[in-house]
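S.K.: Prediction below, plus the sequence it came from.
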Amino acid sequence: MRSTISVQEFKSILVSELRRGKLLFLLFVPCLFVFTSLSVYADDNSPIEVLYSGAISEFPEGIRFQLKTSSDNKIASIAVRFNTGQGTTGSYNYLKFEEEFVVDSELFWRTNTSTRYIPPGTVIRYHFEIEDNAGNSFITEPTDFIYHDARFTWDELSRGPVTVSYHGPVQKRAQLVLDATIETLQHMGPILGADTEEPIRVTMYNNVKEMLVALPPGSTTIRRELITEGQAFVKVGTLLVLGGGRGAIGTTSHEVTHILTHRAGDSVYRTVPSWLDEGLAEYGNIDPGFSYDIALEFAIATDRLLPITSLPVLPGTPDDIIIFYGQGRSIVRFMIEVFGAEKIKALMAAMKSGRNIDDAITLIYNMGRVELENRWRTAIGAPLFSPEGRERSVPTRIARPTLQPYSLTPQPKANNIRSTSLKSIEMESIEKESNDDSIKLEENVAIHSTDNGNCSSLRNEQTRRRPMGVVSLACMVSFGILSFRRNKIR
């Protein structure tokens, strides 16, 4: 027989005992705030008994799994298995302890790296697997643990599949975020053909300083020049939102659409490409801004449009990222207004079945990806994109020089090794005056001295090249003046 005491039941028992005057139970009050679950397990068929188990959030550093167990035999191994959010793959590791009949074991699972990062607010389902040295085993019941940011005390608002976590006196703002999430689900769910019943958890921060600590490791340049107002983690169904600004509603809507897009279009083979993903997210934004439109107009006017459908990921500079978003929203709006929303749903289904983006576009729109982009460019009055013009240039091949042996004495097809001392050079100068081949000697000495960094020769080389430097400088100045005039005319 297996018995389990939930946290709520434990609280009730604790309050009852306190009312009876058993103040000794006050010693256990911290457990109510430390453990998300406090369970006692027993099984008539196994001598192993779990005295308590739990998980502690120490975000952003990691999660501390703890378990105390006993058996008639020494405990040999304790492992924890857990799944993160809606992810299909799990993690597995062993807890540390010394073999005894009663053991306290612990595992600290780090989440402060880019490869093991888990966003705050994510639901983690875990269980323990215990074995003693007699071969007995025991598996605890799965327990859900919310990996909250440990810096704050969190409250929650929920409606349907959506839960918003917030802290501080900002319940009205959290309610707006919740309403925006529900409205986006109702608006974009049918367009994308996405499942809107799976849970979505939103963690709302009040200012940029709070938010920066919660974000995964990333580019310091991007973080310094662009403020991240929201980020969706589509595989686990969690998103972070900066709720302290005017754009909180639009940011929430944008990030929720990301989750819906990946639910509708990701397959086991590949994910929705960035240009379509970001374009749909901005199209689904119920409170869009105008900065992306300005960036798009700037890119058109300065001939800085990106070959957006050919970019596998977002560009690296802040300016190009803003242009990328503007182009993405514009091309998705074009696809829906010209070809209809049903085509988007069919496109998502085609990619969900395993097709790549090129095959899916050809199947649904009867044209290639580049042709689709060029139709959009024509509609906005921009130059057409030609993939041939983006082929990488190959360096000019240089013939490898023929290697010849070195010799101390003159021999045919050999490099003569000669002295570099001053006396040797003076002797060559004397021989030059009496030798019929004086011109050849002079040339050999000059080349030799230059190759070995002779000061006199280098000085001469610099003197000889000085007129060329003046010409180069004049050309550079002229080019700069012409460029300035051309830019001024534009």
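M.R.: Here it is on my side, so go on.

S.K.: Who are the contact partners of the nearest residue to Gly245 once chain neighbours are set aside?
M.R.: With C-beta to C-beta, 6 or more residues apart in numbering as the criterion, Gly245 has its nearest non-adjacent residue at 6.5 Å, and that residue is Glu229. Placement of C-beta: from N, CA and C, glycine included. Contacts here follow C-beta atoms under 8 Å, 6 or more residues apart in numbering; on that basis Glu229 touches Val241, Leu242, Gly245, Gly247, Ala248, Thr251.

S.K.: and with 10 Å instead?
M.R.: 205, 208, 211, 240-245, 247-248, 250-252, 254-255 (C-beta atoms under 10 Å, 6 or more residues apart in numbering).

S.K.: Is it possible to mark the buried ones in these?
M.R.: Burial by neighbour count, 16 or more other C-beta atoms under 10 Å: within the contacts of Glu229 this picks out 205, 211, 240-244, 247-248, 250-252, 254-255.

S.K.: Tell me where the stretch 151-300 of the chain has strands.
M.R.: With strands called from DSSP state E, counting those that start in this stretch, the stretch 151-300 of the chain shows them at 155-159, 162-166, 200-205, 230-233, 238-242.

S.K.: Please name whichever of those is nearest to Ile294.
M.R.: When those are compared by C-beta to C-beta, strand 230-233 sits nearest Ile294, at 20.2 Å.

S.K.: what's the neighbour count on Tyr147?
M.R.: Applying the criterion other C-beta atoms under 10 Å, we find 25 residues in the vicinity of Tyr147.

S.K.: how close does it get to Pro119?
M.R.: In this structure, Tyr147 and Pro119 are 8 Å apart, going by C-beta to C-beta, to the nearest Å.

S.K.: what does Glu278 give?
M.R.: On the measure of C-beta to C-beta, Glu278 and Pro119 end up 19 Å apart.

S.K.: which ones are touching the nearest residue to Arg110 once chain neighbours are set aside?
M.R.: Using C-beta to C-beta, 6+ apart and skipping residues adjacent in sequence, the residue nearest Arg110 is Gly62, 4.2 Å away. Applying C-beta under 10 Å, 6+ apart to Gly62 gives the contacts Ile56, Leu107, Phe108, Trp109, Arg110, Thr111, Asn112, Thr113, Arg116, Ile118, Tyr147.

S.K.: what do you get if the cut-off is 8 Å, keeping everything else the same?
M.R.: Phe108, Trp109, Arg110, Thr111, Asn112.

S.K.: mind giving me the domain ranges of the protein?
M.R.: With automatic domain parsing as the criterion, the domains of the chain are listed as 7-147, 155-386.

S.K.: Can you say which of those domains is packed in most?
M.R.: domain 155-386 (a mean of 18; mean count of other C-beta atoms under 10 Å).

S.K.: Next, the distance between the ends of that domain.
M.R.: As for domain 155-386, its first-to-last residue distance stands at 53 Å under the measure C-alpha to C-alpha, to the nearest Å.

S.K.: where do the strands sit along the stretch 301-450 of the chain?
M.R.: Chain-ordered strands for the stretch 301-450 of the chain, with DSSP E, counting those that start in this stretch as the definition, fall at 406-407, 415-416.

S.K.: quick one: average pLDDT of the last one?
M.R.: Confidence for strand 415-416, expressed as mean pLDDT, is 56.

S.K.: do stretch 126-139 as well
M.R.: Model confidence over stretch 126-139 averages 96 on the pLDDT scale.

S.K.: ditto for stretch 348-357
M.R.: 96.

S.K.: Make 10 the starting number, not 1.
M.R.: Renumbered: residue one is now 10, and that last one reads stretch 357-366.

S.K.: neighbouring contacts of it?
M.R.: With contact meaning C-beta under 8 Å, 6+ apart, stretch 357-366 is reached by 201-203, 270, 273-279, 281-282, 285, 368-369, 372-373, 378.

S.K.: So which of the contacts of Gly71 sit within strands?
M.R.: With strands identified by DSSP state E, the entries of the contacts of Gly71 that belong to them are Phe117, Trp118, Arg119.

S.K.: May I have the residues that are in contact with the second one?
M.R.: To tie it back to what came earlier, the one meant is Trp118. If a contact means C-beta under 8 Å, 6+ apart, then Trp118 has Gly71, Ile72, Arg73, Phe74, Ser100, Asn102, Arg125 as its contacts.

S.K.: Ok, the first one next?
M.R.: Residues in contact with Phe117, defined by C-beta under 8 Å, 6+ apart, are Glu67, Gly71, Ile72, Arg73, Phe74.

S.K.: Quick check: bridge partners of it?
M.R.: Here Phe117 sits in beta bridges with Arg73, as judged by DSSP bridges.

S.K.: gap between it and Lys105?
M.R.: Where Lys105 is concerned, Phe117 sits at a distance of 9 Å (C-beta to C-beta).

S.K.: Just the pLDDT for Arg338.
M.R.: Arg338 is assigned a pLDDT of 96 by the prediction.

S.K.: can I assume it is in contact with Tyr292?
M.R.: Yes. Taking C-beta atoms under 8 Å as the contact criterion, Arg338 and Tyr292 are neighbours in contact, 5.8 Å apart.

S.K.: For Ile148, name its beta-bridge partners.
M.R.: Beta-bridge partners, per DSSP bridges, of Ile148: Glu138.

S.K.: who are the neighbours in contact with it?
M.R.: Ile148 makes contacts with His136, Phe137, Glu138, Ile139, as judged by C-beta under 8 Å, 6+ apart.

S.K.: Out of those residues, which is nearest to Tyr301?
M.R.: Comparing the contacts of Ile148 against Tyr301 with C-beta to C-beta picks out His136 as the nearest, at 45.4 Å.
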